[in-house]
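**Q** here is a sequence with its predicted model. Questions after.
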2 protein chains.
Amino acid sequence: MHFTTTEENYIKAIYHLQQETGNVSTNELAAELSTKPASITDMLKKLTVKKLLRYERYKGVRLSSEGEKLALAIVRKHRLWEYFLVNTLEFGWDEVHEVAEELEHISSKKLVEQLDLFLGYPKFDPHGDPIPDSQGRMVMQQQINLIDLAPDIPAEVCSVGSQSTELLEILKHKQLGIGTKLQVKRKFSFDHSIEIKMKNLPAITISQQLAQSLFVKTISND
Amino acid sequence: MHFTTTEENYIKAIYHLQQETGNVSTNELAAELSTKPASITDMLKKLTVKKLLRYERYKGVRLSSEGEKLALAIVRKHRLWEYFLVNTLEFGWDEVHEVAEELEHISSKKLVEQLDLFLGYPKFDPHGDPIPDSQGRMVMQQQINLIDLAPDIPAEVCSVGSQSTELLEILKHKQLGIGTKLQVKRKFSFDHSIEIKMKNLPAITISQQLAQSLFVKTISND
DNA sequence: ACTTATTTTTAGACAAATCTAAATTTAAAT
DNA sequence: ATTTAAATTTAGATTTGTCTAAAAATAAGT
Ligand SMILES: [Mn+2]
Ligand SMILES: [Mn+2]
Ligand SMILES: [Mn+2]
Ligand SMILES: [Mn+2]
C-alpha cells in the first residue's frame, strides 16, 4: 500500500502527539501541521477508511497498529537520514531537520536498509532520539534532565531539548555534545546554574537554561 | 522559485526529448510521461507563464535558458544519486533508476553539493551518462557504438544503451563494465559477432546485440 | 485543390488537499 | 439548568493535475 507525502505527515504528527497526550485532538493536530481544523477532519475520515487510525467524531484520534507501524517506518527514515547528513555529509545538527522532512518520504525499502547498513546500524540520531530498527523496535533509555542530575553521579549526554542553531553554537564552544560524559559538581541555588566536570577538562559552569536543554543518562564508571 | 515534482518531471522530459528532436511535440511528451495530450497542453501553458519554456500552440515547445538550467540541476541530482546508490550503498545499476526518480526532487542545495563532495565529484553515472557540475557543465565525450569500433584500436567502455537487469547480468558474467579497456580483434560478418580482448583475459566473442548496447571511446595506450 | 487523417487544443468534469464561513456538538461558567 | 464559550464538523469554494469527448488546426493523400 502506498501513501502520499501528506498522509504520511499526518500519521507522523499523530504519532508524536499521542506519545504525550493519549488521544489527539483536532486542534492540536491543526496546530502541529500548520493547517486548519476543517482540513484535519477531512483527512481523518480518509485515513480511517484506510484503517491507519481509529477516529470517532468529536472524540479525537489514535493510530491503529497499522498506523503505528507506518509512523515508525517514517520516523526511522527521518532519523537515519539525519544521521547520514550529520555524520557522512558533515551537516550541522541544526541544518538537517528540513531536509530529512523531505527524505523521509522516499519510498524504497532497499534504500533504507542499505543506508542503515552503510551507517553501521546507529541507535540514535544527532539529536539523541532513538532510531527504530527495521522491525520498529528502538532503545528506550530513560533519560533525566541535566538540571535534576544529582552531584557526583557519572552520566552521559544523550539528547537535547532543542535543535536550534543557538544551542548548537554554545554546545560546540563548551565542547559538549551527544555522548559527552560528565558529572555535576555543584549546584548554585542563587541562579540555578551548575558546575560540571568533564574528563581532561577544567570544571565549567553552565546556566540553568543550558542545563535544562540537555538530557543525560547515568552510566556505571567502569 | 520552487517547482512541484510534476513540473520538474515535465522539464526533465522536455530536456531529454529536445536533445534528439529539436522542438518537442505534445504527443511525444504525452508518451514519455505516460499521460494524455490534453494534460500536456495544460501544463505547457502553466510552465510558459513561469518562463521555463517557449511554447507556441500547434508548434511544439523548447526550454528557455531558465528551463534548461533547471533541467540540468535535476539531471545532476538524478545522476549523483544513482552514483551514490551504486558506489556507496551497493545497489546494482538496474535498481537505481526508480529511486533516483524520487531523490532528484529533494530540494536542498547544500545536500547536492555535499553529496558531490562526498562522492569525490564523479563525472559519470553508473550508466556512463555525464553528471553536470554545479554550473551545469558536463564532459561531453564523443562515444561510438562498440559494433562500429575498428579492430586493434584501444578503447574504453563508457556507457550502456540499456539499463536492463538482463544486460547487467551478462556484462557481469563477461567481466565487462563502465571503464573496461578493450580492443576489437575480429569481426564475423556471418552473424556480426565480434571478438574482443581485455587485458589479462583470454579473448572472448560477443554477439551483435551485446556489442550494440555498449558505447566506447578511443583511448591512447600509454 | 479537396478530402481524409493526424495532431493539438478546448471545454467540462473529477479527485486530492486545502480554505472560509456557518452549523453542531461538547465543555465551562454562572 | 441555562447560558456562554470553545472545539469540532459540515457545506461550499478553490487550486493542482488529471481525464474524456468534442472542436479546431495542421499534415498527408489523391
Ligand atoms: Mn528532525
Ligand atoms: Mn532528530
Ligand atoms: Mn536513471
Ligand atoms: Mn543513469
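**A** Thanks, I have the structure now. Ligands and ions are numbered 1, 2, ... in the order given.

**Q** got the CA positions of the longest helix along chain A in PDB?
**A** Ordering each helix of chain A by length in residues (DSSP state H) puts helix A:65-87 first. What follows is helix A:65-87, C-alpha atoms only, in PDB (Å, rounded to 0.1, in the frame of the first residue of the first chain):
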ATOM      1  CA  SER A  65      -1.400  -0.800  14.900                       C
ATOM      2  CA  GLU A  66      -1.200  -0.400  11.100                       C
ATOM      3  CA  GLY A  67      -0.800   3.300  11.500                       C
ATOM      4  CA  GLU A  68       1.800   3.000  14.200                       C
ATOM      5  CA  LYS A  69       3.800   0.700  12.100                       C
ATOM      6  CA  LEU A  70       3.800   3.200   9.300                       C
ATOM      7  CA  ALA A  71       4.700   6.000  11.700                       C
ATOM      8  CA  LEU A  72       7.700   4.100  13.000                       C
ATOM      9  CA  ALA A  73       8.900   3.500   9.400                       C
ATOM     10  CA  ILE A  74       8.700   7.200   8.700                       C
ATOM     11  CA  VAL A  75      10.500   8.100  11.900                       C
ATOM     12  CA  ARG A  76      13.100   5.500  11.200                       C
ATOM     13  CA  LYS A  77      13.800   7.100   7.800                       C
ATOM     14  CA  HIS A  78      13.800  10.600   9.200                       C
ATOM     15  CA  ARG A  79      16.400   9.800  11.900                       C
ATOM     16  CA  LEU A  80      18.600   7.600   9.700                       C
ATOM     17  CA  TRP A  81      18.700  10.400   7.100                       C
ATOM     18  CA  GLU A  82      19.600  13.000   9.800                       C
ATOM     19  CA  TYR A  83      22.400  10.700  11.000                       C
ATOM     20  CA  PHE A  84      23.600  10.400   7.400                       C
ATOM     21  CA  LEU A  85      23.500  14.100   6.900                       C
ATOM     22  CA  VAL A  86      25.500  14.900  10.000                       C
ATOM     23  CA  ASN A  87      27.900  12.000  10.000                       C
END
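
**Q** the helix or strand harbouring residue A:9 close to chain B?
**A** Using DSSP states H and E, residue A:9 falls within helix A:5-21. No: judged by C-beta under 8 Å from any C-beta of the partner chain, helix A:5-21 and chain B are separated, with a smallest distance of 9.3 Å. No exception for glycine: its C-beta is placed from N, CA and C like everyone else's.

**Q** ok so, going back, ok, the helix or strand just after the longest helix of chain A near chain B or not?
**A** Downstream of helix A:65-87, the next assigned helix or strand under DSSP H and E is helix A:96-103. Yes: using C-beta under 8 Å from any C-beta, we find that helix A:96-103 touches chain B at A:98-99, A:102-103.

**Q** most neighbours, which of these?
**A** residue A:103 (23 neighbours; other C-beta atoms under 10 Å in any protein chain shown).

**Q** so residue A:44 sits right up against residue A:59, yeah?
**A** No: using C-beta atoms under 8 Å, residue A:44 makes no contact with residue A:59, being 11.0 Å away.

**Q** which one's more surrounded, the two?
**A** Between residue A:44 and residue A:59, counted using other C-beta under 10 Å, the more crowded position is residue A:44 (21 against 10).

**Q** all the strands of chain A, in order from the start?
**A** With DSSP state E as the criterion, chain A has strands at A:53-55, A:61-63, A:144-145, A:155-160, A:181-187, A:194-197, A:204-206, A:214-218.

**Q** need those strands in JSON lines (columns: distance to ligand 4, mean neighbour count and mean pLDDT).
**A** Below are these laid out as JSON lines (distance: least, C-beta to the ion, whole Å; neighbours: other C-beta atoms under 10 Å in any protein chain shown; pLDDT from 0 to 100):
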{"stretch": "strand A:53-55", "distance to ligand 4": "39", "mean neighbour count": "19", "mean pLDDT": "96"}
{"stretch": "strand A:61-63", "distance to ligand 4": "39", "mean neighbour count": "21", "mean pLDDT": "97"}
{"stretch": "strand A:144-145", "distance to ligand 4": "50", "mean neighbour count": "14", "mean pLDDT": "94"}
{"stretch": "strand A:155-160", "distance to ligand 4": "40", "mean neighbour count": "20", "mean pLDDT": "93"}
{"stretch": "strand A:181-187", "distance to ligand 4": "46", "mean neighbour count": "17", "mean pLDDT": "95"}
{"stretch": "strand A:194-197", "distance to ligand 4": "52", "mean neighbour count": "19", "mean pLDDT": "96"}
{"stretch": "strand A:204-206", "distance to ligand 4": "51", "mean neighbour count": "17", "mean pLDDT": "96"}
{"stretch": "strand A:214-218", "distance to ligand 4": "44", "mean neighbour count": "21", "mean pLDDT": "93"}
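
**Q** tell me the helices and strands packed up against the longest helix of chain A.
**A** helix A:5-21, helix A:96-103, helix A:109-119 (3 or more C-beta pairs under 8 Å, 6 or more residues apart in numbering or on different chains; DSSP states H and E).

**Q** mean pLDDT and distance to residue B:64 added to those, as CSV?
**A** Compiled in CSV, the helices and strands packed on helix A:65-87 are given as follows (pLDDT from 0 to 100; distance: least, C-beta to C-beta, whole Å):
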stretch, mean pLDDT, distance to residue B:64
helix A:5-21, 96, 29
helix A:96-103, 97, 27
helix A:109-119, 98, 34
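
**Q** among the ones you listed, which is nearest residue B:109?
**A** For those, the distance to residue B:109 is smallest for helix A:96-103, at 10.2 Å, taking C-beta to C-beta.

**Q** tell me what that closest one is packed against?
**A** By 3+ C-beta pairs under 8 Å, 6+ apart, helix A:96-103 packs against helix A:65-87.

**Q** any idea how far the helix it packs on is from the middle of the chain?
**A** Relative to its parent chain, helix A:65-87 has a centroid offset of 10 Å by C-alpha atoms, centre = their mean, to the nearest Å.

**Q** so what are the domain limits for chain A?
**A** Using automatic domain parsing, the domains assigned to chain A come out as A:5-63, A:78-140, A:144-218.

**Q** redo those domains as JSON lines? Include distance to residue B:55.
**A** What follows is the domains of chain A, written out as JSON lines (distance: least, C-beta to C-beta, whole Å):
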{"stretch": "domain A:5-63", "distance to residue B:55": "29"}
{"stretch": "domain A:78-140", "distance to residue B:55": "30"}
{"stretch": "domain A:144-218", "distance to residue B:55": "43"}
